[in-house]
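*Asks:* kindly return the folded structure for what I paste below:
(2 chains)
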Amino acid sequence: MNDILPFLKELLSAPGLSGFEEPAAEIISTKWKPLVHEISMSRLGSLHGLLGGTGPVPRPSVMVATHMDAIGLMVTGITDGFLRMTRIGGFDPRILPGALVTVHATGAGKPQPIPGVVVQPHPRLLPPEMGDKPVPLEYLFIDTGLPPRKVANLILVGDVVSFAQPPIELTGETVAGHSLDNRASIAALTVCLEEMQSRPHAWDVLAVATIQEESGTFGPVGAVGAGGSAFQLRPTMVIAIDVTFAKGPGASDWQTLPLGKGPTLCIGPNIHPALYKAVKEVADRLEIPYSLEYAPRFTGTDGEATQVVAEGIPTLVLGIPLRYMHSPVEMVAIKDIQRAGRLIAEFIASLEPNFREKINWDD
Amino acid sequence: MPPFVTAQLKLLENLCNASAVSGDEGEVRRIVLEKLKGCAGDIKVDALGNVLAVHPGSGGNRLRVMVSAHMDEVGLMLVADDGDGLFRFDTVGGIDIRQLPGKAVLIGKEHIPGVIGSRPSHFTTVEDRKQKIPLDSLRIDIGPGGGRVNLGDRATFSTRFQRNGPAIIAKALDDRIGVATLIELVRNAPNNIDLLAAFTVQEENGLRGAKVAAYAFNPDLAIVVDATPAHDLPTWDGEENISYNTKLGFGPAIYIADGGTISDPRLVRHLRTTAQIGNIPVQIRQPGGGGTDAGAIHKARAGVPSVAVSIPHRYSHTAASIARLDDWKNTLSLLHAALSRLNPDLLKSDRA
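*Replies:* Numbering: from 1, shown residues only, chains lettered A, B, ... in the order given. Predicted coordinates for the structure are as follows:
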């Protein structure tokens, strides 16, 4: 099962910012093709894979939603060959000075990768009162090292900029890099699809790599990609997998969950309690380790969107603990990816054709 | 000088990708010793780790000319073990701690990878984000379990050398680009002088290597090859940038005065004349603070007439600095021509 690492590393090396997911979708599509019966793209660019089940028609289906989009930057202006930028997705600009990036330049047509660095100008070029405080985003530049004339020809306002930190294998079978949020979950879903190849299952499995989770409107409406896919596919239920906060430096408090001790099972209004109970039973039976994660309101995942699609869809949310979320050096344990994939596979295989009818609100 | 070829670029790449934080310069020293093999007469490693190589000239009345470039770079040192692969660290040399969060590092001689993360933004407030992330809240994380690194190990940014058209993007261009230049000078040394090449240690830790190297060489004059910041970016309010220090693409930067040295005016004149004759673009580094190994060398023994020449580069002492290939080529041409034109009369000429 360790062979998920090369795929994950390939995926971490691809851009695929929110709204510009195609490079990631291509890699995922190639990987999934032999694992599913049908594969297609939604109107907005989410990837839909169907692995048919064996149950009687009309056959129930479970959609597994994992977002493939990544946070990053976008060019907002060009001054003397230096680029100004804004964020795609939310993150702390204090991680930016010195960050290696790739500008996907469209000035000559098809996006062309150009290396660059996010730079913090010398204090003498900044407002004097800034002192040695963090330099706000609007004062930072991206420098490609190219002469201004060349930059003007190559790069346009609106070009996307991805982090360029290559993936790093660390000790304890962990991996670090940008976009592990949420490519780690794409990897977990891929592990699940691989497991399902030899497992009889009554339900149809809808493997979905969603778009625009990071830029989506959360709260009552939810991420646009997952919502659209759930509406189109109208699954019987949804499992959303996303990363969650792992304990680590700067985040060792009660809000975090242990790294490398299994996926998290979410509890809260975003999750159908009967689904939570069912998946927990599978984990206990198979002795797959997990942590419980409490989400009193929203989960900040694709599950937020899918739950309120159409007449409502029972939704389950699983988390993969990750350190340093929304930075170029996010970190996950490979084992947690494998366990999440295996847990979902086992859960899906355990679903009887009439499972949906059996879950109810018998408080 | 022979034409600039891929071999020089490969050498610079290897030098930049090597880890050599002040006091732990072994990896660069090995490359230097390897490259100098057969090119210099006497090569030795002194008590502090400087590489001192002599390329004797021929004929009489030769100046003993020290040319130095520092092998060390700024970096980090692991200073306390928090357990489970997490380490507190301190900075070695002038690193702005705002450059640290979100970076990947390589630790020790084995280049064990680690990362410096920070608290997820989801848990920070607008007020939090107005403050620097303090060094004591940061850790180098090598992954759970740990065990492959030791306290005292040095860490460097993990950035790998890359080319982007006319630009070079790499860590430690300060001063591996000087080291690469000096290696080329030794390999192509002119015979009118005794070239005393000092590849120094601990420049970023107070010019300590250069101090003893200059004593040992006891040269007639010294030229320091370093990398100096180019602050040639737009200003925040759109006013003209009048304190750029140097500009990329304008050629080697000659020092007249910095925070540690007033250059010998005869040497400055020699460099400018050489540039004129050879039609080599040069710029004057804006006089002001900062410093190079010249700060220690010019005070050695009874004093050594000294000057510094730097390759301009942006974002010194960060994970990724940027220089231009042309500036490097022109620096090499300038220095080679300047050394070839040296004769003892220069030091007998008027200072003014």
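*Asks:* stretch B:181-193: end-to-end distance?
*Replies:* With Cα to Cα, to the nearest Å applied, stretch B:181-193 spans 18 Å between its terminal residues.
*Asks:* tell me if A:Lys33 really is in a helix.
*Replies:* Yes. Using DSSP: H, G, I helix; E, B strand; the rest coil, the assignment for A:Lys33 is a helix.
*Asks:* quick one: pLDDT of it?
*Replies:* Here the pLDDT value assigned to A:Lys33 is 98.
*Asks:* number of residues surrounding the residue of the stretch 101-250 of chain A found nearest chain B?
*Replies:* In the stretch 101-250 of chain A, the residue that lies nearest chain B is A:Gly145 (2.7 Å; Cβ to the nearest Cβ). Quick note: C-beta positions are derived from backbone N, CA and C, even for glycine. Using other Cβ atoms under 10 Å in any protein chain shown, A:Gly145 is surrounded by 27 other residues.
*Asks:* please apply the same query to A:Pro148.
*Replies:* The tally of other residues near A:Pro148 (other Cβ under 10 Å) stands at 12.
*Asks:* over to the one 5 residues further on?
*Replies:* For A:Asn153, the number of neighbouring residues by other Cβ under 10 Å comes to 12.
*Asks:* could you do B:Pro166 as well?
*Replies:* Neighbour count of B:Pro166, defined by other Cβ under 10 Å: 16.
*Asks:* so it sits against B:Ala323, correct?
*Replies:* No. Between B:Pro166 and B:Ala323 there is no contact under Cβ atoms under 8 Å: 9.8 Å.
*Asks:* nearest spatial neighbour of the residue of the stretch 101-250 of chain A closest to chain B, skipping sequence neighbours?
*Replies:* Using Cβ to Cβ, 6 or more residues apart in numbering or on different chains and skipping the chain neighbours, the partner closest in space to A:Gly145 is B:Ala167 (2.7 Å).
*Asks:* B:Asp326 is in contact with that neighbour, correct?
*Replies:* No. Using Cβ under 8 Å, B:Ala167 is not in contact with B:Asp326, being 9.9 Å away.
*Asks:* for these two, indicate the residue with more neighbours.
*Replies:* B:Ala167 (25 against 16).
*Asks:* ok, that one - contacts?
*Replies:* Residues in contact with B:Ala167, defined by Cβ atoms under 8 Å, 6 or more residues apart in numbering or on different chains, are A:Thr144, A:Gly145, A:Leu146, B:Ile322, B:Ala323, B:Arg324, B:Leu325.
*Asks:* who does the fifth one bridge with?
*Replies:* As for beta bridges, B:Ala323 partners with B:Ile168 under DSSP bridges.
*Asks:* I'd like to know how far it sits from B:Leu9.
*Replies:* 12 Å (Cβ to Cβ, to the nearest Å).
*Asks:* what about the two, which has more around it?
*Replies:* For B:Ala323 versus B:Leu9, the count of surrounding residues by other Cβ under 10 Å is larger for B:Ala323: 27 against 16.
*Asks:* which parts of the stretch 201-350 of chain A sit against chain B?
*Replies:* Within the stretch 201-350 of chain A, the positions near chain B by Cβ under 8 Å from any Cβ of the partner chain are A:245, A:248-251, A:255, A:259-260, A:323-331, A:333.
*Asks:* these in strands, which ones?
*Replies:* A:Phe245, A:Glu330, A:Met331, A:Ala333 (DSSP state E).
*Asks:* low-confidence ranges, the stretch 1-150 of chain A, go.
*Replies:* Low-confidence segments of the stretch 1-150 of chain A, defined by pLDDT under 70: A:1-2.
*Asks:* contact residues of it facing chain B?
*Replies:* Residues of the stretch 1-150 of chain A lying close to chain B by Cβ under 8 Å from any Cβ are A:79-80, A:82, A:90-100, A:114-117, A:119-122, A:124-127, A:132-135, A:139, A:141, A:143-147, A:150.
*Asks:* helices of the stretch 101-250 of chain B, start to end?
*Replies:* Using DSSP state H, counting those that start in this stretch, the helices of the stretch 101-250 of chain B run over B:173-187, B:208-217.
*Asks:* chain center to the first one, what's the gap?
*Replies:* Meaning helix B:173-187. On the basis of Cα atoms, centre = their mean, to the nearest Å, helix B:173-187 sits 9 Å off its chain's mean C-alpha point.
*Asks:* so which elements touch that helix?
*Replies:* helix B:6-17, helix B:26-36, strand B:63-70, strand B:193-200, strand B:221-229, strand B:306-313, strand B:321-324, helix B:325-340 (3 or more Cβ pairs under 8 Å, 6 or more residues apart in numbering or on different chains; DSSP states H and E).
*Asks:* mean pLDDT and distance to A:Leu156 added to those, as TSV?
*Replies:* Below are these laid out as TSV (pLDDT from 0 to 100; distance: least, Cβ to Cβ, whole Å):
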stretch	mean pLDDT	distance to A:Leu156
helix B:6-17	96	31
helix B:26-36	98	41
strand B:63-70	98	41
strand B:193-200	98	45
strand B:221-229	98	30
strand B:306-313	98	28
strand B:321-324	98	22
helix B:325-340	97	26
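*Asks:* out of these, which is the most enclosed?
*Replies:* Greatest average neighbour count among the helices and strands packed on helix B:173-187 goes to strand B:306-313 (a mean of 29), per mean count of other Cβ atoms under 10 Å in any protein chain shown.
*Asks:* from what I see, A:Arg94 and B:Arg129 are in contact.
*Replies:* Yes. Judged on Cβ under 8 Å, A:Arg94 makes contact with B:Arg129 at a distance of 6.3 Å.
*Asks:* which one's more surrounded, these two?
*Replies:* Set side by side, A:Arg94 and B:Arg129 show more neighbours around A:Arg94, with 25 against 14, by other Cβ under 10 Å.
*Asks:* residues touching that one, list them.
*Replies:* By Cβ under 8 Å, 6+ apart, A:Arg94 lies in contact with A:Pro134, B:Arg98, B:Pro101, B:Ser118, B:Arg129, B:Lys132, B:Ile133.
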